[in-house]
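Asks: Take a look and give me a structure for this.
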Amino acid sequence: MRFNPCAGREFCTEEETHCRGCGRSHQEIAATRELIRQVADLAERYENADEFLAYLARKAGKTVASRREG
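Replies: Numbering: from 1, shown residues only. As a prediction, this is how the structure comes out:
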């Protein structure tokens, strides 16, 4: 499956099971929003939040690559 980011609020739909703007399920969108909220809450603790967020992106990317390899 390929990730499609939000196309913008003007394209979002709440009807049916999937958004017509990005094609993702409303359940997936809600889970992503919750994850972003949790990460932002944690990042706010650090004065160098940008470094923390870059670290998370690197670590998550390495974890995904490792899982796909093995």
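Asks: When you work out contacts or count neighbours from here on, use the C-alpha atoms and nothing else.
Replies: Noted.
Asks: Give me the number of neighbouring residues for Ser25.
Replies: 15 (other CA atoms under 10 Å).
Asks: One more: Asp41?
Replies: That count, for Asp41 with other CA under 10 Å as the rule, works out to 11.
Asks: longest helix of this structure?
Replies: Looking across the chain with DSSP state H, the single longest helix is helix 49-69.
Asks: got the buried residues for it?
Replies: Across helix 49-69, burial judged by 16 or more other CA atoms under 10 Å covers Phe52.
Asks: repeat for stretch 1-19
Replies: Quick answer for stretch 1-19 (16+ other CA under 10 Å): His18, Cys19.
Asks: so how far is the first residue of that stretch from its last?
Replies: Start-to-end span of stretch 1-19 (CA to CA, to the nearest Å) is 16 Å.
Asks: distance between that stretch and the chain's centre?
Replies: The chain centre lies 13 Å from the centre of stretch 1-19; the measure is CA atoms, centre = their mean, to the nearest Å.
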